[in-house]
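> The amino acid sequence is not available; the structure is as follows:
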């Protein structure tokens, strides 16, 4: 029925990486989420701890979600709605539901970041050729699309902090990018 469902919530307890794996499978197979799967993920948030955050496979799967060639914003939004995204990436959790007060931002910080990923995917797919012709023309020349997606995901991750968000965000990127499997050059 093109929906991902969890028949047994113990699947998360057996292997907490399954929390991230569920979202990855939904992305790869273009599946919607059954409400039971969303509730199961939300109930399993306590399983997202430092060990899971440092798990190489969980981080690889998450990086593939963020930089997916499908519709990464859809899956990231589902991860955010269940609380998984903010627990897996604690700095993202700090901007969930945070209001922005400027004429350039119409959404909360978390939604702005997720929508930004969606717009980037639209440009990559060629779906924004009319509204963003230059971006559409330049995208095929991007040397490392994964780095661009990660940069887009992190560009406002440090909003609401006492110091300039770009300086604090750079610090977050230097810590998070290696965790996600990016090398030193990609991180910089």
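Structure received. Everything numeric in this text was worked out from a predicted model, so none of it was measured. Residues are numbered from 1 along each chain as shown.

> where does this protein have low pLDDT?
Counting by pLDDT under 70, the ranges of the chain that qualify are 1, 4-5, 7-8, 101-105.

> same thing but at 50, please
Along the chain, no part satisfies pLDDT under 50.

> Which residue ranges of it form strands?
With DSSP state E applied, the chain shows strands at 3-4, 32-33, listed in chain order.

> what packs against the last one?
Counting contacts by 3 or more Cβ pairs under 8 Å, 6 or more residues apart in numbering; DSSP states H and E, the secondary-structure elements packed against strand 32-33 are strand 3-4. Just so you know, the C-beta spots here come from the backbone N, C-alpha and C atoms, and that holds for glycine as well.

> can we see that at 10 Å?
Judged by 3 or more Cβ pairs under 10 Å, 6 or more residues apart in numbering; DSSP states H and E, strand 32-33 is in contact with strand 3-4, helix 17-28, helix 35-43, helix 72-82.

> May I have the strands that pair with that strand, each with its orientation?
When pairing is defined by DSSP bridges, strand 32-33 lines up against strand 3-4 (parallel).

> any idea how far residue 134 lies from residue 51?
Distance of residue 134 to residue 51, given as Cβ to Cβ, to the nearest Å: 44 Å.

> ok now do the most far-flung residue of the chain relative to its centre, which residues does it touch?
Distance from the centre of the chain peaks at residue 130, with 26.4 Å (Cα atoms, centre = their mean). Neighbouring residues of residue 130 by Cβ atoms under 10 Å, 6 or more residues apart in numbering: residue 136.

> cutoff 6 Å now
Residue 130 sits next to no residue when contact means Cβ atoms under 6 Å, 6 or more residues apart in numbering.

> what's around the closest residue to residue 70 other than its chain neighbours, how many residues?
Leaving out its chain neighbours, the residue that sits closest to residue 70 by Cβ to Cβ, 6 or more residues apart in numbering is residue 27, at 5.5 Å. When neighbours are counted by other Cβ atoms under 10 Å, residue 27 registers 22.

> I'd like the distance between residue 27 and residue 144.
Counting by Cβ to Cβ, the gap from residue 27 to residue 144 is 20 Å.

> Could I get the full set of helices for the protein?
10-14, 17-28, 35-43, 50-53, 56-66, 72-82, 84-88, 90-93, 109-125, 133-138, 145-154, 165-180, 184-187 (DSSP state H).
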